[in-house]
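[1] mind looking at a prediction? Sequence and model below.
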Amino acid sequence: MSSRAKLKFPPGPSSGLRRWSLGPLNNGDPLGYFAGLVREYGDLIGLRILNFRILLINHPDHIEDVLVNHPRKFIKGRVLKANKRVFGSGLLTSEGDFWLRQRRLAQPAFHRARIAGYASTMVEYTERLLHGWQDGEERDLHKEMMRLTLQIVGKTLFDADVEGDAQDVGKSMELLLELGADFRRTVLVPHWLPTPANFRLERAIRKIEKVLYRIIAEKRASGRDAGDLLSMLLAAQDEDGSRMTDKQLRDEAITLFLAGHETTANTLSWTWWLLAQNPAVEARLHAELRSVLGGQTPSLDDLPKLVYTNQVITESLRLYPPAWGTARTAIEDHEIAGYSVPKGSGVSFAQWTVHRDARWYDAPGEFRPERWEGDLLKRIPRFAYFPFGGGPRQCIGNSFALMEAALVLATIAQQYRFRLVEGHLVVPLASITLRPRHGIRAVLEARPARSRVASDP
Ligand code: HEM
């Protein structure tokens, strides 16, 4: 192949007059932007943002090629890298041998047997939340889910009660996510420039760091291993006997705080919203909870029996994947389907568009948990459904998140259903994660105890 042919760049908005289009940088709707590109250009799209080339791919096999077959040729994308002030060298953003070492240290905390021990905490915190709810009240479900998942992550991963800090930390997290996801700001404005947004970001980081450093200090002082992730990281030693510094611990902790609570909160929020609009699905979910749990709180042993509940979550993650897009930068030359991916260029793909592709899903825009009943997962390509990514950088909290989502859903749905507040617009905001821009306002409707008991007619 001649070198000219090798430099082939697929069609996309980078050609002709639209060559300098800033695409998602100057567009407030990245979801619509990506969906439009896929409709117009297909599976391989050439995108140019200023002088930076991105190959946008939409076919599951090409995604597998990047994530599974050639992960060493790529590092994380620019937006995540630009958020280094937030994540430091935590698991999500670090690379190479350092990442591998940290991943190996953290992995045992996420083994099935270990996270099984977190199930009762998840249910207990959910019940605590329900104690504060009343029939007929109007609440923002997204706020409620954020508070709950933050507390669960705090307790299970750090053995810390963050109840008192929840509001402060929650607000700061929101700001980090909002500012961190502003493509233009993160990529074009260095974090040390004294802009108003950078000041706000810095204040938010400091607030979270204060809580984290307090937890780390308390742990170091007590020397007690409560079986949580932080204790494990504190105890972990390198071959030369050196331990992780407070800064390293801070980086891992803030990464897990951010990656571990907002994503699951989004999953739950979107699920409640979808259920409230699909009464037949909701009724089937209630029927399963009644027959499997009979009004009792769910436990880990119940989860394999809650088949439909799990399908509801699977389908919610398909339609509203909290990690809605993924980006990588090539550190070696690569080639995808005859198109060159030169070193330094980007590769992106969006769970949002792949999960809604009619080639893999019938009626892709509809919420149909029963589509997962048969062997759909076996019939579609491996990367037609990948809410947790794939390959070596796959989400470490995958099983943790699915268990948490199922337990929280089952606990709450037994006691409450939600009526969406009319006139409150629920719109997805595609920041680093996909969340409801103005929250989800709903009226809480307590379910009568009798409707939860299996033996009742
Ligand atoms: C529904 C909930 C969740 C979703 C959809 C999700 C999604 C993802 C995805 C797609 C990635 C890969 C990103 C990439 O390839 O660039 C990832 C990585 C990661 N996730 Fe999750 N996640 C969820 C929950 C969690 C939880 C509960 C935790 C921790 C308690 C967690 C911790 C992490 C970490 C540390 C990484 C980086 C792993 C590495 O690179 O070694 N996530 N997540």
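    Nice, I can see it.

[2] tell me which parts of the stretch 51-200 of the chain are close to the ligand?
    Residues of the stretch 51-200 of the chain lying near the ligand by C-beta under 6 Å from any ligand atom: 76, 91-92, 103, 153. No exception for glycine: its C-beta is placed from N, CA and C like everyone else's.

[3] who wins for neighbours among the residues you listed?
    Neighbours here mean other C-beta atoms under 10 Å. Within those, the largest count is held by residue 153, at 27 neighbours.

[4] isn't there a helix covering that one?
    Yes: when classified by DSSP: H, G, I helix; E, B strand; the rest coil, residue 153 is found to be part of a helix.

[5] just checking, it touches residue 258?
    No: judged on C-beta atoms under 8 Å, residue 153 makes no contact with residue 258 at a distance of 9.5 Å.

[6] mind putting the residues of the stretch 51-200 of the chain next to the ligand into TSV with distance to residue 322?
    Formatted as TSV, these follow (distance: C-beta to C-beta, whole Å):
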residue	distance to residue 322
76	17
91	17
92	14
103	21
153	14
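
[7] what about these, which are in helices?
    103, 153 (DSSP state H).

[8] what packs against the one helix or strand residue 201 maps to?
    Assessed by DSSP states H and E, residue 201 sits inside helix 196-222. Contacts defined by 3 or more C-beta pairs under 8 Å, 6 or more residues apart in numbering; DSSP states H and E place helix 196-222 against helix 84-87, helix 166-180, helix 229-235, helix 246-277.

[9] go again with 6 Å.
    Contacts defined by 3 or more C-beta pairs under 6 Å, 6 or more residues apart in numbering; DSSP states H and E place helix 196-222 against helix 166-180, helix 246-277.

[10] quick one: which of those has the weakest pLDDT on average?
    Between the helices and strands packed on helix 196-222, the one with the least mean pLDDT is helix 166-180; it has a mean of 71.

[11] which residues does the residue positioned nearest the centre of the chain contact?
    Nearest to the mean C-alpha position of the chain, by C-alpha atoms, centre = their mean, lies residue 263 at 3.5 Å. Going by C-beta atoms under 6 Å, 6 or more residues apart in numbering, residue 263 touches 322, 433.

[12] against the ligand, how distant is it?
    3 Å (C-beta to the nearest ligand atom, to the nearest Å).

[13] kindly report the same for residue 330.
    14 Å.

[14] just the closest residue of the chain to the ligand, please.
    Closest residue of the chain to the ligand, C-beta to the nearest ligand atom: residue 397 (2.2 Å).

[15] run a quick neighbour tally on that residue.
    Neighbour tally, residue 397, other C-beta under 10 Å: 24.

[16] could you report the pLDDT at it?
    94.

[17] residues touching it, list them.
    residue 260.

[18] next, it: phi, psi?
    Taking degrees, to the nearest 10, you get phi -100, psi 10 for the backbone angles of residue 397.

[19] test my guess that residue 37 contacts residue 45.
    Yes: the pair residue 37 / residue 45 is scored as a contact, 5.1 Å apart, by C-beta atoms under 6 Å.

[20] of the helices and strands packed on helix 196-222, which stretch is the most buried?
    The highest mean neighbour count among these, using mean count of other C-beta atoms under 10 Å, belongs to helix 246-277: a mean of 23.

[21] could you tell me the angle between that one and helix 196-222?
    For helix 246-277 against helix 196-222, the angle by axes from the mean of the first three to the mean of the last three C-alpha atoms, to 10 degrees is 110 degrees.

[22] number of residues surrounding residue 98?
    Residues near residue 98, counting by other C-beta under 10 Å: 11.

[23] what's the helix or strand for it?
    helix 96-106.

[24] which parts of that helix count as buried, going by neighbours?
    99, 102, 105-106 (16 or more other C-beta atoms under 10 Å).

[25] would you map the strands across the stretch 251-400 of the chain?
    Shown for the stretch 251-400 of the chain, the strands assigned by DSSP state E, counting those that start in this stretch span residues 326-330, 334-336, 339-341, 346-349.

[26] which one of those lies nearest to residue 432?
    With C-beta to C-beta, the closest approach to residue 432 among the strands of the stretch 251-400 of the chain belongs to strand 326-330: 10.5 Å.

[27] that closest one: how far from the chain's middle?
    In this view, strand 326-330 has its centroid 17 Å away from the chain centroid, taken as C-alpha atoms, centre = their mean, to the nearest Å.

[28] cool, stretch 393-400 as well?
    10 Å.

[29] show me which residues of it are buried.
    For stretch 393-400, using 16+ other C-beta under 10 Å, the buried residues are 393, 395-397, 399-400.

[30] what is the end-to-end distance of it?
    16 Å (C-alpha to C-alpha, to the nearest Å).

[31] return the distance of residue 321 relative to residue 264.
    Computed with C-beta to C-beta, to the nearest Å, the distance linking residue 321 and residue 264 is 13 Å.

[32] before we move on, the earlier item: let me know the angle separating the helix holding residue 98 from helix 246-277.
    70 degrees.

[33] now helix 96-106: mean pLDDT?
    Per-residue scores along helix 96-106 average to 89.

[34] quick one: contacts of it?
    91, 236.

[35] next: stretch 272-284.
    The contact list for stretch 272-284 (C-beta under 6 Å, 6+ apart) reads 141, 308, 316, 367, 369, 418, 420, 426, 440.

[36] let's see that with 10 Å instead.
    141-142, 144-145, 285-286, 308-309, 311-312, 315-316, 319-320, 366-370, 409, 412-413, 416-420, 426, 436, 440, 442-443 (C-beta atoms under 10 Å, 6 or more residues apart in numbering).
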